[in-house]
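Enquirer: fold the following and give me the result.
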Amino acid sequence: MSLARDFIKFSSSTSARDKIFRLAQYGSRLLLWQLTHGSPDRHREVITRLSKLEAALSLSRKLFRLGNCVDLAHKAVDALSIEHPGIRALTVTSLTMKSLWLFIDHFLWFGKVGVMKIDLILWTRWSLRAWLVCLIAASMADVILLLDVEARLHRESTGRAQRTPYLKAQVRSVRLNFWRDVCDVFIPLAGLGYASPGCSALCGVVSSLIGFLQEWERLTRPCDPKT
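Expert: All right, here's what the predicted structure looks like:
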């Protein structure tokens, strides 16, 4: 399949467009941080335009996510069937807190577009706290899952190795998830005042690139290894 056809297929997906918007949003935020810590007077017009772009992208992504909290709540219930107790507890916690984060995020969107009057500062902080707990739990679940899959891969390598390609693909996927979640942790930390805005913007760009890669591979090179 040609690159052009792959890109058309990729860009037709709502989740893929969100990945593109996210990368542009955090790229703008990183550039803003660099300009404001360099020569802000010389780049005042550029800073103003980038600020408007970053705010518009943020609002657009919030709109894309409307209703996702319900889907995540269902996924949290489904995660109760995970056999591993540690992964089950952490996954349920992560999905529940992510659902709560998006639920609050919906009200923040209504507040920012002027539909509702809410305390944006207060609820933004609660939203960031929920997102932070979600990411920490997800990162811990990634570590446990990675250790479990690597142990199975080691056992498989000493046997018939029928599932080795599948397990190797799973190891790569879990590692990407882990680094994406770890990078994302710095975003709510910065919002709560515990990390540098520049660091959070850089981590946001890195996690967005990882998410972009994962979404690209999922949509353009889907694979179904034999289990």
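Enquirer: quick one: residues contacting residue 82.
Expert: 88, 91 (Cβ atoms under 8 Å, 6 or more residues apart in numbering). Backbone N, C-alpha and C define where each C-beta goes, glycine included.
Enquirer: next one: the one 4 residues further on
Expert: Contacts for residue 86 were tallied using Cβ under 8 Å, 6+ apart; they are 141, 144.
Enquirer: need the per-residue pLDDT for it.
Expert: pLDDT for residue 86: 95.
Enquirer: so which strand or helix has it?
Expert: Element membership for residue 86 (DSSP states H and E) is helix 85-112.
Enquirer: list the buried ones in that helix?
Expert: Across helix 85-112, burial judged by 16 or more other Cβ atoms under 10 Å covers 87, 89-106, 108-109, 111-112.
Enquirer: show me which helix runs longest in the chain.
Expert: Longest helix in the chain by number of residues, with DSSP state H as the criterion: helix 120-157.
Enquirer: which element follows it toward the C-terminus?
Expert: helix 164-191.
Enquirer: by contact count, what packs against that following helix?
Expert: For helix 164-191, the packing partners by 3 or more Cβ pairs under 8 Å, 6 or more residues apart in numbering; DSSP states H and E come out as helix 120-157, helix 197-220.
Enquirer: mind putting those into JSON lines with mean neighbour count and mean pLDDT?
Expert: JSON lines is the format used below for the helices and strands packed on helix 164-191 (neighbours: other Cβ atoms under 10 Å; pLDDT from 0 to 100):
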{"stretch": "helix 120-157", "mean neighbour count": "17", "mean pLDDT": "93"}
{"stretch": "helix 197-220", "mean neighbour count": "18", "mean pLDDT": "92"}
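Enquirer: would a markdown table of these with distance to residue 83 be doable?
Expert: Below are these laid out as a markdown table (distance: least, Cβ to Cβ, whole Å):
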| stretch | distance to residue 83 |
| --- | --- |
| helix 120-157 | 11 |
| helix 197-220 | 25 |
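Enquirer: out of those helices, which is closest to residue 46?
Expert: Nearest to residue 46, of all the helices and strands packed on helix 164-191, is helix 197-220, at 15.9 Å by Cβ to Cβ.
Enquirer: show me what the closest one is packed up against.
Expert: Helix 197-220 packs on helix 3-11, helix 14-36, helix 164-191, going by 3+ Cβ pairs under 8 Å, 6+ apart.
Enquirer: and of those, who's closest to residue 201?
Expert: Using Cβ to Cβ, the helices and strands packed on helix 197-220 put helix 14-36 closest to residue 201, at 3.8 Å.
Enquirer: which residues does the residue nearest to residue 170 when sequence neighbours are not counted contact?
Expert: Leaving aside its chain neighbours, residue 170 sits nearest to residue 149 (5.2 Å; criterion: Cβ to Cβ, 6 or more residues apart in numbering). Counting by Cβ under 8 Å, 6+ apart, residue 149 touches 167, 170, 171, 174.
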